[in-house]
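Student: Below are the sequence and a predicted model for it; my questions follow.
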Amino acid sequence: MKLEVVVLPVADVDRAKSFYAGLGFRLDADFVAPDGLRVIQLTPPGSECSIIFGERLTTAAPGSLQGLHLTVYDIEKARADLVARGTDVSEPFHDAGGVFHHAGTEGRVAGPHPERLDYGSFASFSDPDGNGWVLQEIKVRAPGR
């Protein structure tokens with residue numbers, strides 16, 4: 001099984017489309033069905049999994065999705081690219097416990113992981129509705145992943 005799509009709850013479909021396209025996500029679809037269902041699908045660069053949002057797709061509250069992860073090779077370069085695109089991205093951080101980041105800002109230590117261990121450096125941002133994203137640096141995947 002592969003994760004194919006994640007449904008994002010958004011309040012303003014066109015604003016969300018503009019935001020994600022501005023991040024460099026590829027627009028795969030934007031259509032309206034005869035019954036008014038609207039579906040917009042975008043895919044992050046290099047990803048096999050897409051996001052969709054639109055009209056009448058979910059009953060979840062806009063901005064309620066948290067902890068979506070985008071893996072990147074270089075956390076600082078990826079952050080700089082998003083900032084250059086106008087996105088408010090946190091400074092890189094690592095977790096005080098060294099295992100995985102906690103919810104919200106609990107346990108955040110400024111800067112990338114001191115040893116730059118794979119899976120250990122993060123940065124975060126939110127879309128205009130408040131859906132929360134995390135960048136996670138991975139240079140070499142763990143065996144079997």
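Tutor: On my side now, so go ahead.
Student: Which stretches in the chain count as helices?
Tutor: 13-22, 75-84 (DSSP state H).
Student: so which of those helices comes closest to residue 3?
Tutor: Closest to residue 3 of these is helix 13-22 (C-beta to C-beta; 17.5 Å). For glycine as for every other residue, the C-beta is placed from the backbone atoms N, C-alpha and C.
Student: Ok, which of the helices of the chain comes nearest residue 60?
Tutor: Residue 60 lies closest, by C-beta to C-beta, to one member of these: helix 13-22, at 13.5 Å.
Student: which of the residues in stretch 14-33 are buried?
Tutor: By 16 or more other C-beta atoms under 10 Å, the buried positions in stretch 14-33 come out as 16, 17, 19, 20, 23, 25.
Student: for this structure, what helix or strand is lowest in average pLDDT?
Tutor: None of the helices or strands of the chain scores lower by mean pLDDT, DSSP states H and E than strand 108-110, at a mean of 88.
Student: Let me know the distance separating the residue located most distally from the centre of the chain from residue 57.
Tutor: In the chain, the residue that sits farthest from the middle, by C-alpha atoms, centre = their mean, is residue 34; the gap is 30.7 Å. Residue 34 sits 16 Å away from residue 57, taking C-beta to C-beta, to the nearest Å as the criterion.
Student: what's the answer for residue 33, then?
Tutor: Look at residue 33 and residue 57: by C-beta to C-beta, they are 11 Å apart.
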